[in-house]
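J.: Pasting the sequence and the predicted model now:
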Amino acid sequence: MTVAATTLADLTTLGVGGDAGRLLVAHTTDELVAHTRDAWDDDDWLVVGGGSNLLVADSGFDGTVVLVRTRGVEHERTADGVTVRVAAGEPWDAFVASTVELGFTGMEALSGIPGTVGASPVQNIGAYGVELSDVLTRVEFLDAATGERAWLDAAELELGYRTSTLKHGRRGVVLTVEFALGTDTDGGVPVRYAQLAGSLGVELGARVDPAVVRSTVLALRASKGMVLDAADPDTRSAGSFFTNPIVSAGFAETLPDDAPRWPAGDEVKLSAAWLIEHAGVHRGYGIAGSRAGISTKHTLALTNRGGASAAQVAELARYVQVSVLNRFGVTLAPEPVVVGDLLA
């Protein structure tokens, strides 16, 4: 299906962005392959799933946008649990809900994350002590460099904190994602995140019914404006706009003692939210005259208060970056994919 032009604001959770030059909508995997190869004939092409991790310029995108709307989930029981293969266009949270309902374990802490399954390995999404890399086994990928359609093992993707080779360097489109999940006979995945454990009223490492974990995670995310809700303007965002910075152990020692930090190999991961708050940018902050603002629930989310432009969102992002850099000497990196010359 081809549409001559569409406003990308309608395809993103931030609700900003100009027109696409051409839109190709894929409802089957074969259509996704065909449309992607068609798009490669243009100089510029962009694959869009749920649009929950995109900031698109007001000038739009002149090339071809491939909109992924494929569907399909297959389950295969194994000696260790279950293998699940999922079409790239399946909505992420609906898929997670289905795994919990079927008694599969491993996905429950990733509940409430917006977007599609195909986008999940690009960012190596994660929340509440669980990352996609914990359950991902391989992806079916259409490679723009070779034109080949093949399965790639998870190790080939070099999954890290909110990164992968799919995000940096390897261009193409994810067609299918495969996971290895447990079953309810193992009692669920051990709780690894202190806030989640506290909300559940258990110790770290405890095993909790996946349905209970899911409902608790959804409540926690909703309290931060991180579950899409048309009635809540704080959810008109791209989720966490900045990644938690990773710095050297020596640099971390120069920060205030109460700055949260966690081991990250030989380095240290910091809390972007804490840095923003303590740089003087608080929840609900907005630049005068702008329709973009910091969420009233969570400092990591930049929101569209209604009628914001992409330029206004970018202006707010730069203000946050400069505030943190001036106060702590830390450069915050944006998490969303930025289309257009907005944050250069």
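T.: Perfect, I can see it now.

J.: Measure how buried residue 73 is and give me the count.
T.: Other residues lying near residue 73 total 15 when counted by other CB atoms under 10 Å. In short, each C-beta sits where N, CA and C put it, glycine included.

J.: Who are the contact partners of it?
T.: 84, 85, 86, 87, 90, 95, 98 (CB atoms under 8 Å, 6 or more residues apart in numbering).

J.: quick one: low-confidence ranges for the stretch 51-200 of the chain?
T.: Applying pLDDT under 70 to the stretch 51-200 of the chain flags residues 186.

J.: what about 90?
T.: 79-80, 168-169, 184-189 (pLDDT under 90).

J.: As a check, name the ranges of all helices in it.
T.: For the stretch 51-200 of the chain, applying DSSP state H, counting those that start in this stretch gives helices covering 92-101, 120-123, 194-200.

J.: now these in a markdown table, with distance to residue 299 and mean neighbour count?
T.: What follows is the helices of the stretch 51-200 of the chain, written out as a markdown table (distance: least, CB to CB, whole Å; neighbours: other CB atoms under 10 Å):
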| stretch | distance to residue 299 | mean neighbour count |
| --- | --- | --- |
| helix 92-101 | 23 | 19 |
| helix 120-123 | 20 | 25 |
| helix 194-200 | 16 | 16 |
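
J.: Turn the ones you listed into a markdown table, including distance to residue 261.
T.: Below are the helices of the stretch 51-200 of the chain laid out as a markdown table (distance: least, CB to CB, whole Å):
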| stretch | distance to residue 261 |
| --- | --- |
| helix 92-101 | 29 |
| helix 120-123 | 22 |
| helix 194-200 | 14 |
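
J.: Nearest to residue 174, out of these?
T.: Residue 174 lies closest to helix 120-123 among the helices of the stretch 51-200 of the chain, at 6.5 Å (CB to CB).

J.: The closest one packs against which elements?
T.: Counting contacts by 3 or more CB pairs under 8 Å, 6 or more residues apart in numbering; DSSP states H and E, helix 120-123 packs against strand 136-143, strand 172-183.

J.: Name the residues that touch that helix?
T.: 53, 92, 113, 132, 136, 139, 154, 157, 159, 162-164, 166-167, 174, 177, 335.

J.: Same question for stretch 283-294.
T.: 276-277, 281-282, 295-299, 301-309, 312-313, 315-316, 319-320.

J.: ok now it, how far from the chain's centre?
T.: Put simply, stretch 283-294 sits 23 Å off its chain's centre (CA atoms, centre = their mean, to the nearest Å).

J.: pull the CA atoms of it into PDB?
T.: The C-alpha trace of stretch 283-294 is given here as PDB (Å, rounded to 0.1, in the frame of the first residue of the first chain):
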ATOM      1  CA  ARG A 283       9.500  18.500  36.500                       C
ATOM      2  CA  GLY A 284       7.000  20.700  34.600                       C
ATOM      3  CA  TYR A 285       9.700  23.100  33.400                       C
ATOM      4  CA  GLY A 286       9.100  24.800  30.100                       C
ATOM      5  CA  ILE A 287      10.800  27.600  28.100                       C
ATOM      6  CA  ALA A 288       8.700  30.700  27.900                       C
ATOM      7  CA  GLY A 289       6.500  30.700  24.800                       C
ATOM      8  CA  SER A 290       7.200  27.100  24.000                       C
ATOM      9  CA  ARG A 291       4.600  24.200  23.900                       C
ATOM     10  CA  ALA A 292       7.300  21.700  24.800                       C
ATOM     11  CA  GLY A 293       8.000  20.900  28.400                       C
ATOM     12  CA  ILE A 294       9.500  18.600  30.900                       C
END
